[in-house]
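K.L.:
What follows is a predicted structure for the sequence shown.
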Amino acid sequence: MPASSLEQIVSLAKRRGFVFPSSAIYGGLGSTWDYGPLGVELKNNVKRAWWRSVVYDRDDMEGLDAAILMNRLVWKYSGHERTFSDPMTDCRKCKARHRADQLYKSATGSDYTNAESFNAAAQAGELKCPKCGEIDLTDARPFNLMFKTTVGPVDTGDDSGLAYLRPETAQGIFVNFGNVLDTMRRKLPFGVAQIGKAFRNEITPGNFTFRTREFEQMEIEYFVRPGEDEAAHQAWIDARTKWYTDLGLRPDNLRQREQTKDELAHYAKRCVDLEYRFPMGWSELEGIANRTDFDLKAHSRSPENPDAVGELRYFDQEQKKHIVPYVIEPSAGADRATLAFLCDAYDESLVKEPPAEESAKLRELVESFGRSVEKRDPKVMEPAVKERLLAAAERIAAGLPGTLPDLLALSDDAEANRIEVFKKVRGTAEKLGEEHTRTVLRLHPRLAPITVAVFPLKKNEPRLVELARGIKRDLQVAGLRSVYDDTGAIGKLYRRQDEIGTPFCITVDFQSLDDGTVTVRDRDTMGQERVSVGELGGALRAKVT
Ligand code: GAP
């Protein structure tokens, strides 16, 4: 059963060392996350797979790693200083801050087009604060999303040292267009790929790592002759869609959405969003835009830009003249892609039914939890939280034992844990879960944080331990991320590795000492085969690459 809520993913990510709330020891910092030992491996594998696909597997691409801090003029002439903002509104009652466009769309069903229609609807009492439900919202006003900082040791109090943390990596590529062209002797069409941090002071970050203020982008700027842009755009839309499905995303969970004329950025000729069906609904994974010649022109010296010291253009040998290339931009988020792969790989199921009386006892506990939520004073528990917990309790109680995985996901919910009876619910659910459910992350072997886990059948048998440790070392040297574990019975060790997505487990037993073979167990089929130690590296590498 795939994840039905983001909480299941958040819970697994925290429990098993993928992602932790940042600076938790000081109470955290809203919507900032740290990738733990397994998360960093997974995200690195996503980035590596992307780099390999868009740089190494092609002949028309170069890589780049530009600075995060850039001359402020980059953001002036890119248009970000003037236009990189979201409309914002405040609730005068509870002081919560919201994206005016999102609030307008969810209340009216129509797209937000301008502040005037938002303000009129707010004044007519048609818009409610999503947090407290009151009808007292301020007019919508633009909020620039760029983080400001000061360059140099002295804060002069004016704007002379002002710089921004880049809100996208793209501009670093545009301003390096001439450098790459000259040093790499490229001819059109060619592209530049870059992976790096970007920062946006989002008004409403949330949904785990989906929308954060610090995130990583994987961006391509692909330069083509005007006239060849439409075909190149379509080719990139197809290539990028295939990349996700080749790495295991279910095609049913991925779709291409054509941006409407109203949504298109003023410089874009066409833009297609690749959307993934996250547990919270279809949401953008990557945008693939035809940005025309807007960016290269914007950063070239001209009457509109007297600050640039040169022109970003290309000498076309065929036409014997300078042209300004068009740009196709596939722009993906490394964190969003990692989250999508995690959600898609998640599979939790009941492996055997718990005895009926145990399910009934748990159902009673969940119902009693629901009653406690119902009685909660609205001053202590916000209406939206109450509604969410009541709905969860009702759904889980009605579906037990099948909804046991959803109940386990609720274990980390801070609001649920404030209710006394929930501790009992959690204890009982965790005990049943331990005995009756199996969680597997069916990650593509190339993305899995650990490729192979090696176990000795007995940890107090030195010959088995020595052989197992040696196999682990050799596989690691052969380039396969491997771990050794002897801290439990083999069944338990398999479960642990299934939960973090390890595709292969190797067990060293007494037969291994006689004939030099070990068992290799496949995570997905749970089938086991004997393979000779000498052939392990080759056999496993063939499955991973
Ligand atoms: N250069 C074009 C550009 O930046 P974008 O649609 O604003 O376009 C591209 O961002 C991708 O970056 C998005 O599709 C998403 O995957 C990722 N992204 C954008 N904002 C994000 C945020 N606040 N948190 C996480 N990822 C984000």
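P.N.:
Cool, got the structure.

K.L.:
Taking the stretch 251-400 of the chain, what residue is nearest to the ligand?
P.N.:
residue 333 (2.4 Å; Cβ to the nearest ligand atom). In this view, the C-beta of every residue, glycine as well, is placed from N, C-alpha and C.

K.L.:
What residues does this protein have near the ligand?
P.N.:
168, 170, 200, 202, 211-212, 215, 217, 219, 284-287, 329, 331-333, 335-336 (Cβ under 6 Å from any ligand atom).

K.L.:
from those residues, which ones fall inside strands?
P.N.:
Secondary structure from DSSP state E places 215, 217, 219, 284, 285, 286, 287, 329, 331, 332, 333 of those in strands.

K.L.:
Beta-bridge partners for the residue of the stretch 251-400 of the chain closest to the ligand, please?
P.N.:
residue 217 (DSSP bridges).

K.L.:
Run through this structure and note the low-pLDDT ranges.
P.N.:
Counting by pLDDT under 70, the chain contains low-confidence residues at 155.

K.L.:
Next, count neighbours for residue 265.
P.N.:
Using other Cβ atoms under 10 Å as the criterion, residue 265 is surrounded by 14 other residues.

K.L.:
three-state assignment of it?
P.N.:
With DSSP: H, G, I helix; E, B strand; the rest coil as the basis, residue 265 sits in coil.

K.L.:
Quick one, which of the ones in strands among the residues of the chain next to the ligand are buried?
P.N.:
Neighbour counting over those (16 or more other Cβ atoms under 10 Å) leaves 215, 217, 219, 284, 285, 286, 287, 329, 331, 332, 333 as the buried ones.

K.L.:
Give me the buried positions along the lengthiest helix in the chain.
P.N.:
Determined from DSSP state H, the single longest helix within the chain is helix 356-375. Using 16+ other Cβ under 10 Å as the test for burial, helix 356-375 gives 358, 359, 362, 363, 365, 366, 367, 368, 369, 370, 372, 373.

K.L.:
which secondary structure elements does that helix contact?
P.N.:
Helix 356-375 makes packing contacts with helix 383-399, helix 404-409, helix 420-436 when contacts are defined by 3 or more Cβ pairs under 8 Å, 6 or more residues apart in numbering; DSSP states H and E.

K.L.:
Give me the residues contacting the last one.
P.N.:
When you say that, I think you mean helix 420-436. 350-354, 358-359, 361-362, 365-366, 368-369, 372, 401, 404-405, 407-408, 411, 416-417 (Cβ atoms under 8 Å, 6 or more residues apart in numbering).

K.L.:
Now residue 309. Nearest residue, chain neighbours left out?
P.N.:
Nearest residue to residue 309, sequence neighbours excluded (Cβ to Cβ, 6 or more residues apart in numbering): residue 301, at 6.7 Å.

K.L.:
Stretch 476-493: end-to-end distance?
P.N.:
Looking at stretch 476-493, the gap from its leading to its trailing residue is 19 Å under the measure Cα to Cα, to the nearest Å.

K.L.:
thinking again about what came up before, quick one: work out the angle between the longest helix of the chain and helix 420-436.
P.N.:
Helix 356-375 runs at 150 degrees relative to helix 420-436, counting by axes from the mean of the first three to the mean of the last three Cα atoms, to 10 degrees.

K.L.:
quick one on the thing from earlier: hang on, the residue of the stretch 251-400 of the chain closest to the ligand packs against residue 285?
P.N.:
Yes - because the distance of 7.2 Å satisfies Cβ atoms under 8 Å, residue 333 is recorded as touching residue 285.

K.L.:
Which residue lies nearest the spatial centre of this protein?
P.N.:
Taking Cα atoms, centre = their mean as the criterion, residue 336 is the residue nearest the geometric centre of the chain, at 2.2 Å.

K.L.:
and that one, what does it touch?
P.N.:
With contacts taken as Cβ under 8 Å, 6+ apart, residue 336 has the following neighbours: 209, 210, 215, 276, 284, 285, 286.

K.L.:
Same question for residue 58.
P.N.:
Going by Cβ under 8 Å, 6+ apart, residue 58 touches no other residue.

K.L.:
quick one: it from residue 37, how far?
P.N.:
32 Å (Cβ to Cβ, to the nearest Å).

K.L.:
Check the offset of stretch 70-86 from the chain's centre.
P.N.:
Centroid separation between stretch 70-86 and its chain, computed with Cα atoms, centre = their mean, to the nearest Å, is 26 Å.

K.L.:
what distance separates the start and the end of that stretch?
P.N.:
Taking Cα to Cα, the first and last residues of stretch 70-86 lie 22 Å apart.

K.L.:
for stretch 366-384, same thing?
P.N.:
The first and final residues of stretch 366-384 sit 19 Å from each other (Cα to Cα).

K.L.:
Repeat that for stretch 321-332.
P.N.:
First-to-last distance for stretch 321-332 - Cα to Cα - comes to 34 Å.

K.L.:
for that stretch, which positions count as buried?
P.N.:
Residues of stretch 321-332 classed as buried under the neighbour-count rule (16+ other Cβ under 10 Å) are 324, 325, 326, 327, 328, 329, 330, 331, 332.

K.L.:
wait, what's in contact with the last one?
P.N.:
The one in question is residue 332. When the contact criterion is Cβ under 8 Å, 6+ apart, the partners of residue 332 are 50, 217, 218, 219, 240, 285, 286.

K.L.:
Chain neighbours aside, what residue packs nearest to the last one?
P.N.:
By that I understand residue 286. Closest residue in space to residue 286, ignoring its immediate chain neighbours: residue 332 at 3.9 Å, by Cβ to Cβ, 6+ apart.

K.L.:
can you tell me how far that neighbour sits from residue 217?
P.N.:
In terms of Cβ to Cβ, residue 332 sits 7 Å off from residue 217.

K.L.:
just residue 165 next, same as before
P.N.:
On the measure of Cβ to Cβ, residue 165 and residue 217 end up 13 Å apart.

K.L.:
what about the residue nearest to residue 248 when sequence neighbours are not counted, which SS state?
P.N.:
If you skip the residues right next to it in sequence, residue 248 has residue 444 as its closest partner in space, 4.0 Å away by Cβ to Cβ, 6+ apart. Here residue 444 is coil, with the state taken from three-state DSSP.

K.L.:
again with residue 447
P.N.:
Of the three states, residue 447 takes coil according to three-state DSSP.

K.L.:
roughly how far apart are the residue lying farthest from the centre of the chain and residue 475?
P.N.:
Residue farthest from the centre of the chain, counting by Cα atoms, centre = their mean, is residue 514 at 46.8 Å. In this view, residue 514 and residue 475 are 21 Å apart by Cβ to Cβ.

K.L.:
Quick check: chain neighbours aside, which residue is closest to residue 174?
P.N.:
Ranked by Cβ to Cβ, 6+ apart and with sequence neighbours excluded, the top spatial neighbour of residue 174 is residue 295, at 4.5 Å.

K.L.:
packing partners for the helix or strand containing the one you found?
P.N.:
Taking DSSP states H and E as the definition, residue 295 sits inside helix 294-298. Other helices and strands packing on helix 294-298, by 3+ Cβ pairs under 8 Å, 6+ apart, are helix 72-78, helix 170-174, strand 326-333.

K.L.:
Assign residue 438 to helix, strand or coil.
P.N.:
Reducing the assignment to helix, strand or coil with three-state DSSP, the entry for residue 438 is strand.
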